[in-house]
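J.: Fold the stuff below for me.
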Amino acid sequence: MKKNILIVVDMQNGFIDGALGTSEAKMIVPNVVNKIHSYIKDDDIIIATRDTHNKDYLFTEEGKNLPVEHCIKGTKGHELNTDVSESLREDSIIIDKPTFGSFELGLKLKELNEIFDIENIEVIGLCTDICVISNVVIAKSVLPNVHIKVDASCCAGVTPESHNIALDSMQTLQVEIVNRGKEPWIK
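T.: As a prediction, this is how the structure comes out:
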């Protein structure tokens, strides 16, 4: 049986309106919710990741380079945005990842492909230039013959400029970029 997968990357309070929140991240929430609903309607597989840190975050390699506590397990910042969370199905797969890319996500994609013969993977979320691109590379590495696309209107980067650089990089990796130029902050 063929299936498609939607990967919703780190749509957490910490990246939307918390310690690392941006106005662009806030603006994509309605698009992300609509995208999730389109996958629910088609009965496809939905995976959501959560950036997950512990209280020792500032002593980690990432914490030394980005000394802003965020997405600490057990805090509001770690939780998925309410609108996003309420849009997910009960059988949605949630993966807590301790860093930008998720090794566990790669293993789960490989496992799902053995069961369902995955046809397409679509990746959306935050931040385009860090966690989205990292997980796209993992998906492309694990399933190199599966079509992968990124919906630019459902992603936001640390800055609009770095968002665009990441989209260019993913396109170079033979990832289809859709809705580019339709990001909600572009007038």
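J.: which residues in the protein form helices?
T.: For the chain, the helices defined by DSSP state H occupy 13-16, 23-41, 61-65, 82-87, 103-116, 133-142, 160-172.
J.: how close does the residue nearest to K3 when sequence neighbours are not counted sit to C131?
T.: Setting aside the residues directly before and after it, K3 is nearest to F116 in space (Cβ to Cβ, 6 or more residues apart in numbering), at 4.0 Å. C-betas here are computed from N, CA, C, even on glycine. Distance from F116 to C131, counting by Cβ to Cβ, to the nearest Å: 24 Å.
J.: who has more neighbours, these two?
T.: Neighbour totals were compared for F116 and C131, and C131 leads with 22 against 15 (other Cβ atoms under 10 Å).
J.: hang on, R180 packs against A152?
T.: Yes. Checked against Cβ atoms under 8 Å, the pair R180 and A152 is within contact range at 4.3 Å.
J.: OK, contacts around the closest residue to V132 other than its chain neighbours?
T.: In this structure, V132 finds its nearest non-sequential neighbour in V9, 5.1 Å apart by Cβ to Cβ, 6+ apart. V9 is in contact with A48, T49, V123, I124, G125, L126, C131, V132, N135, counting by Cβ atoms under 8 Å, 6 or more residues apart in numbering.
J.: Against I36, how distant is the residue lying closest to V68 once chain neighbours are set aside?
T.: Using Cβ to Cβ, 6+ apart and skipping residues adjacent in sequence, the residue nearest V68 is A19, 5.3 Å away. Shown here: A19 relative to I36, a distance of 24 Å by Cβ to Cβ.
J.: So between the two, which is more surrounded?
T.: Taking other Cβ under 10 Å, A19 and I36 do not tie; I36 has more neighbours (24 against 14).
J.: pLDDT score assigned to the residue nearest to the more buried one when sequence neighbours are not counted?
T.: Excluding the flanking residues, the one nearest I36 by Cβ to Cβ, 6+ apart is S87, at 4.3 Å. Per-residue confidence (pLDDT) for S87: 97.
J.: Do I have it right that S87 meets S38?
T.: No. Taking contacts as Cβ under 8 Å, S87 lies outside contact range of S38: 10.5 Å.
J.: quick one: which of these two has more around it?
T.: S87 (23 against 11).
J.: What about T75, how many residues nearby?
T.: Neighbours around T75, by other Cβ under 10 Å: 17.
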